[in-house]
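A.B. asks: Pasted the sequence and its predicted model underneath.
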Amino acid sequence: MRQAEQPALVLASASATRRALLEAAGLRFEAMAAAVDEASIKEAAQAEEIPPAEAAIMLAEAKAMRVVRKRPEALVIGCDQLLTCTDEAGVLRWYDKPADLAAARRQLLALRGRRHELVTATVAWRDGQRIWQDVTTPRLTMRDFSEEFLADYLAAEGEAVLSSVGAYRLEGPGIHLMAKVEGAHSAILGLPLLPLLGFLRQHGVLGA
């Protein structure tokens, strides 16, 4: 697979899963953590009733812009993912990565038997401007699992669930939580590869 030497490709993320996706696709890149105040951005977006797709773009862009300041010559990829679910009262709720296993348990009980969406945003910045964006929204439905299953699941997974906005790893035991999965696997994991690879080919970073 041909990849241009320039521009350098930089992933504005500390996510091991996103790095693994790009590595599996054979891309040469550098990963840099982007420290942004995600909680404040989400709170402001919800207060202003900004749709989840726009909020996800805002978060992805904030991460990319932070890294662009350090690597202005590079093609910087920023990503973010929000989980939304409509509760029994018809209110759309946003969920974050659980703080501990007790929070993970509460979150999974709230999602049990319901369909939720993973609003997954990706942006590309180069030469001080955003040149591409994509929002992909996989939809997943959790089955009506038992309390016993949930206890066994959390005991088996432990703190690994805290790294996921959904408190599950679909590439691992989390698949047992699901009744239905709609969407590309890479998008569920946080980085939609097909749209990204298409963009990179279109811009000459990858060979056609």
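C.D. replies: Perfect, I can see it now. Residues are numbered from 1 along each chain as shown.

A.B. asks: For the residue nearest to Leu194 when sequence neighbours are not counted, which residues are in contact?
C.D. replies: Among residues not flanking Leu194 along the chain, Ala184 sits closest, at 6.5 Å (CB to CB, 6 or more residues apart in numbering). From N, CA and C alone the C-beta is placed, and that goes for glycine too. Shown in contact with Ala184 (CB atoms under 8 Å, 6 or more residues apart in numbering): Thr136, Pro138, Pro192, Leu193, Leu194.

A.B. asks: Give the helix, strand or coil label for the last one.
C.D. replies: The three-state assignment at Leu194 reads helix, by DSSP: H, G, I helix; E, B strand; the rest coil.

A.B. asks: Settle this for me: it is touching Gly183, isn't it.
C.D. replies: No: using CB atoms under 8 Å, Leu194 is not in contact with Gly183, being 11.3 Å away.

A.B. asks: okay, those two: which has more neighbours?
C.D. replies: Gly183 (16 against 12; other CB atoms under 10 Å).

A.B. asks: residues in contact with the worst-scoring helix or strand of the chain on mean pLDDT?
C.D. replies: None of the helices or strands of the chain scores lower by mean pLDDT, DSSP states H and E than helix 38-47, at a mean of 90. Contacts to helix 38-47, defined as CB under 8 Å, 6+ apart, come from residues Ile50, Glu54, Ala55, Met58, Leu59, Ala62, Asp80, Leu82, Trp94, Asp96.

A.B. asks: same deal with stretch 157-172?
C.D. replies: By CB under 8 Å, 6+ apart, stretch 157-172 touches 17, 81-83, 95-101, 104, 107-108, 111, 116, 118, 140, 154, 173-174, 177-178, 181, 185, 188-189.

A.B. asks: Count the neighbours of Leu22 for me.
C.D. replies: Using other CB under 10 Å, the number of residues around Leu22 comes to 21.

A.B. asks: so which strand or helix has it?
C.D. replies: If you go by DSSP states H and E, Leu22 is part of helix 16-24.

A.B. asks: Now that helix: average pLDDT?
C.D. replies: Averaging the model's pLDDT scores along helix 16-24 yields 95.

A.B. asks: Render the CA-only coordinates of that helix in CSV, please.
C.D. replies: Extracted in CSV, the C-alpha atoms of helix 16-24 (Å, rounded to 0.1, in the frame of the first residue of the first chain):
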residue,chain,number,x,y,z
ALA,A,16,-5.4,2.4,22.1
THR,A,17,-8.4,1.1,20.1
ARG,A,18,-8.2,3.9,17.5
ARG,A,19,-4.4,3.4,17.2
ALA,A,20,-5.0,-0.4,16.7
LEU,A,21,-7.5,0.3,13.9
LEU,A,22,-5.1,2.5,12.0
GLU,A,23,-2.2,0.1,12.5
ALA,A,24,-4.3,-2.8,11.3
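
A.B. asks: And the contacts of that helix?
C.D. replies: Leu11, Ser13, Phe29, Ala31, Cys79, Ser163, Glu171, Ser186, Leu189, Gly190, Leu191, Leu193.

A.B. asks: So Ile9 sits against Val67, correct?
C.D. replies: Heads up, residue 9 is Leu, not Ile. No: counting by CB under 8 Å, Leu9 stays clear of Val67, with 11.5 Å between them.
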